[in-house]
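Colleague: return a 3D structure for these sequence lines:
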Amino acid sequence: MKASGGMQAGGKAGETAPVRGFEMVPAEMPLAMPEQDFSATPRDFPPRPLNIDQWARRILVVLLALLPASMAAHEMRRSIGLDGISAWEGVYLALFIPLFAWIAFGFATSLIGFLILTMGKGAGVRRHRVQFATPLKGRTAVLLPVCNEDFQEVLGRLSVMERSLTRVMGGERFEFFILSDSNPANGEIERQAYLDIRKSFSRPVHYRRRALNTGRKPGNIAEWVQRFGGGYDYMIVLDADSVMSGQTMARLAADMERHPHVGLIQTVPTVVGASTFFARWQQFASRLFGPISAAGMIWWAGSEGMFWGHNAILRTKAFAQSCGLPELPGRAPFGGHIMSHDMIEAALLRRRGWDVHMVMADDSFEEFPPSLPDLATRDRRWCQGNIQHVPLISRIKGMHPVSRFQLLVGASAYCTSPLWLALMLVVLGGALAGAWPPSAILPSGGLLALTAVLLFGPKLLAMLWAMADPARRIGFGGAARMSRGLAADILLSILMAPVSMLTQTINLFGILMGRKSAWNGQTRDRDGMAMASAVWLFKYHIMLGGALTALALKAGTSIGWMIPVVAGLLLAPFLAALTARKDLGQKAAQSGLFQVAEPWWRTQSYRASRYRQLSLDNAPIRPSSNIANDR
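Modeller: So this is what the prediction gives:
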């Protein structure tokens, strides 16, 4: 290992050498990572055979989503279009139908996931167990990019993972790299803390801080690949708040060795570490509702899975060959460095013939923002990144159709909020203009019931799934506590939905007007917020709540259907301030509200990680199903 600081030699002839603040790293093992040409389709990989079974699954999901959307469109057409469709009514239907189809698609995915997890025992649902009879041959680098984080917490999580690797066969094939983009002040804290602890590790733990964080996280990873990637077969990319057991890391590496055509395996991480009331709520919701949605998505995605930028293993040479990101021409939000790089990288891997899989692993963890404002800050960055994908959907030649669909879905997720707001304004505006009677445009009882099923059905299905397994039920505190948590989640979700609607709408229009998002270190710890600050932060929500109430009263329409929306908007600052408190989170924990099972490193009992690879058994017509068959 070499220690150095200041200006470092490197780069091509004639280029300025990169500046590094401090590093203790092994000898460089360079690996070329060429910048990708989005305008040309790669031809240097064998053609992929058509997977009829996988396409049938995708068609089924689309049909399941279109069926209720068609029923809703027919019902609305009967109620408002019997004498022809006016301009107001046309705009209403143009907004209503896509929004309904979006909700129906989410329900269809969750329904399939529920059926897979509760009743499926055939292809696509068998648990994948890797036998470690053959030692791991490849070397794996575990990368922890950090940027102005609480470094003691980072080292604590790294220590948990490093100790866990000592318990598995092949753990000696793993090395850790802390890749810092922190500022000089935080970098000095990191340097001292790293020097104090590094000799206590049983395997190599390297550290490098860039003085110039060009390209943010993807630039950080790319710089490591170009300097050290040649010495490692695989790389596990984590976030600063990630934890993954040694057993799961070894199984991921074993899967990569068994299936040489796989370029990436993304785990579905579990949320942990919640302390505020808001984070405890989100942790409970993620644990309870997330698995059935993830299982359904894995089922139809197959070998065209997604990458979330962390808690995943990648084949280093495949990543270097496929994922050199160019800087996009033009200004933000569409130009500059690619922000949400992970989705693009997954698409680029598949573009060159590498399979991208998603798996469900119990011992892969991440944390959640502690408050609603912190979630909104992170969401704004994601919004800018996903909107940047829109022109890339057609610009990147040779992308798989499913990759294009996933990019479209990611971008359209941020368009549903302004569409929902526009729909409410059209309803009130049409009633105010006399385009329809105040109650004529409202959905019928049957349509309202269908909407409720699509919105809340996945939550009820998730609870049924959890109830079916005694161990899982106990993990949520039993049936009574789980039911209380579900009821509280539904109430909070109803109140928070309009808050997110307006926040995302403001973010979207701000980004389209050229206001870039800051991409700094995340706030991972908070204990409350001042009410005055909350009122100022959510002033537009309060104003919109008052305006919608005034419009409804003036139009003479029933205000009953608007009460949840108006209440959520007017109460936004109070909800944000109260749910950001740790004492309320502790009271919720003591009362059993939003109870979840503690992770293995907190209970000090290292359980055998159940590694459920739902996407790896996608070939029911073959005698043995595995990743290799899912192409």
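Colleague: tell me the helix or strand right after the one helix or strand residue 60 maps to.
Modeller: In the assignment (DSSP states H and E), residue 60 maps to helix 52-80. Of the helices and strands lying after helix 52-80 in sequence (DSSP H and E), the nearest is helix 87-119.
Colleague: list the buried ones in the helix holding residue 60?
Modeller: Neighbour-count burial for helix 52-80 flags 53-54, 57-58, 61, 64-65, 68-69, 72-73, 76, 79-80 (criterion: 16 or more other CB atoms under 10 Å). C-beta here means a position set from N, CA and C on the backbone, and glycine is covered the same way.
Colleague: got it, and stretch 190-203?
Modeller: In stretch 190-203, counting by 16+ other CB under 10 Å, buried: 190, 191, 194, 198.
Colleague: and if you look at stretch 491-505?
Modeller: 492-496, 498-505.
Colleague: now stretch 169-181
Modeller: Neighbour-count burial for stretch 169-181, counted by 16+ other CB under 10 Å, picks out 170, 171, 173, 174, 175, 176, 177, 178, 179, 180, 181.
Colleague: and the closest residue to residue 416 other than its chain neighbours, what's its pLDDT?
Modeller: Sequence neighbours aside, residue 102 is the residue nearest to residue 416 in space, at 5.6 Å (criterion: CB to CB, 6 or more residues apart in numbering). On pLDDT, residue 102 comes in at 93.
Colleague: run a quick neighbour tally on residue 102.
Modeller: 19 (other CB atoms under 10 Å).
Colleague: just to check, it is in contact with residue 409?
Modeller: No - with contact defined as CB atoms under 8 Å, residue 102 does not reach residue 409; the gap is 9.0 Å.
Colleague: could you check how far residue 190 is from residue 367?
Modeller: Distance of residue 190 to residue 367, computed by CB to CB, to the nearest Å: 19 Å.
Colleague: before we move on, the earlier item: with the buried residues of stretch 190-203 in mind, which one is nearest to residue 231?
Modeller: residue 198 (19.3 Å; CB to CB).
Colleague: got the contact list for that closest one?
Modeller: Residue 198 is in contact with 24, 205, 207, counting by CB atoms under 8 Å, 6 or more residues apart in numbering.
Colleague: that's a strand at it, yeah?
Modeller: No - applying DSSP: H, G, I helix; E, B strand; the rest coil, one finds residue 198 to be helix, outside a strand.
Colleague: returning to that earlier point: relative to helix 87-119, how tilted is the helix holding residue 60?
Modeller: Taking axes from the mean of the first three to the mean of the last three CA atoms, to 10 degrees, one finds that helix 52-80 is oriented at 140 degrees with respect to helix 87-119.
Colleague: same for helix 52-80, what does it pack against?
Modeller: Counting contacts by 3 or more CB pairs under 8 Å, 6 or more residues apart in numbering; DSSP states H and E, helix 52-80 packs against helix 87-119, helix 277-301, helix 445-467.
Colleague: may I see the ones you listed organised as TSV, with distance to residue 548 added?
Modeller: Formatted as TSV, the helices and strands packed on helix 52-80 follow (distance: least, CB to CB, whole Å):
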stretch	distance to residue 548
helix 87-119	16
helix 277-301	25
helix 445-467	19
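Colleague: residue 335 is nearest to which of those?
Modeller: Of all the helices and strands packed on helix 52-80, helix 87-119 sits nearest to residue 335, with 27.9 Å by CB to CB.
Colleague: what's in contact with stretch 470-484?
Modeller: With CB under 8 Å, 6+ apart as the test, stretch 470-484 has contacts from 284, 287-288, 463, 465-467, 485, 592-593, 595-597.
Colleague: and the helices in the stretch 401-550 of the chain?
Modeller: For the stretch 401-550 of the chain, helices defined by DSSP state H, counting those that start in this stretch occupy the ranges 401-412, 416-432, 445-467, 470-475, 479-512, 531-537, 539-555.
Colleague: want to try JSON lines for those helices, with mean pLDDT and distance to residue 377 as columns?
Modeller: As requested, the helices of the stretch 401-550 of the chain are exported to JSON lines (pLDDT from 0 to 100; distance: least, CB to CB, whole Å):
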{"stretch": "helix 401-412", "mean pLDDT": "93", "distance to residue 377": "18"}
{"stretch": "helix 416-432", "mean pLDDT": "90", "distance to residue 377": "16"}
{"stretch": "helix 445-467", "mean pLDDT": "91", "distance to residue 377": "26"}
{"stretch": "helix 470-475", "mean pLDDT": "91", "distance to residue 377": "31"}
{"stretch": "helix 479-512", "mean pLDDT": "94", "distance to residue 377": "10"}
{"stretch": "helix 531-537", "mean pLDDT": "94", "distance to residue 377": "11"}
{"stretch": "helix 539-555", "mean pLDDT": "92", "distance to residue 377": "16"}
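Colleague: now those in a markdown table, with distance to residue 29?
Modeller: Below are those laid out as a markdown table (distance: least, CB to CB, whole Å):
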| stretch | distance to residue 29 |
| --- | --- |
| helix 401-412 | 30 |
| helix 416-432 | 46 |
| helix 445-467 | 46 |
| helix 470-475 | 43 |
| helix 479-512 | 39 |
| helix 531-537 | 48 |
| helix 539-555 | 52 |
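Colleague: among these, which is nearest residue 381?
Modeller: Across those, closest to residue 381 is helix 479-512 (CB to CB), at 9.4 Å.
Colleague: quick one: that closest one to helix 416-432, angle?
Modeller: Going by the same axes, to 10 degrees, helix 479-512 makes 80 degrees with helix 416-432.
Colleague: mind checking how far helix 479-512 is from the chain centre?
Modeller: 16 Å (CA atoms, centre = their mean, to the nearest Å).
Colleague: could you give the angle of that helix to helix 445-467?
Modeller: 120 degrees.
Colleague: can you pull out the low-pLDDT segments for the protein?
Modeller: Scanning the chain for pLDDT under 70 picks out 1-20, 81-84, 120-133, 438-444, 517-522, 600-631.
Colleague: which ones are touching the residue nearest the centre of it?
Modeller: Nearest to the mean C-alpha position of the chain, by CA atoms, centre = their mean, lies residue 308 at 5.5 Å. Residues near residue 308 by CB under 8 Å, 6+ apart: 266, 269, 342.
Colleague: bridged to the first one, which residues?
Modeller: The one in question is residue 266. Beta-bridge pairing of residue 266 under DSSP bridges involves residue 312, residue 358.
Colleague: test my guess that it contacts residue 309.
Modeller: No - using CB under 8 Å, residue 266 is not in contact with residue 309, being 9.2 Å away.
Colleague: okay, the two: which has more neighbours?
Modeller: Using other CB under 10 Å as the criterion, residue 266 and residue 309 rank with residue 266 on top: 28 against 19.
Colleague: how much space separates the more buried one from residue 407?
Modeller: From residue 266 to residue 407 the distance is 16 Å (CB to CB).
Colleague: show me the strands in the stretch 151-300 of the chain, by range?
Modeller: For the stretch 151-300 of the chain, the strands defined by DSSP state E, counting those that start in this stretch occupy 174-180, 205-210, 234-237, 243-244, 262-267, 270-271.
Colleague: out of those, which comes closest to residue 160?
Modeller: Once these are compared by CB to CB, strand 243-244 is nearest, at 5.9 Å.
Colleague: who are the packing partners of the closest one?
Modeller: Going by 3+ CB pairs under 8 Å, 6+ apart, strand 243-244 lies up against helix 151-165, strand 364-366.
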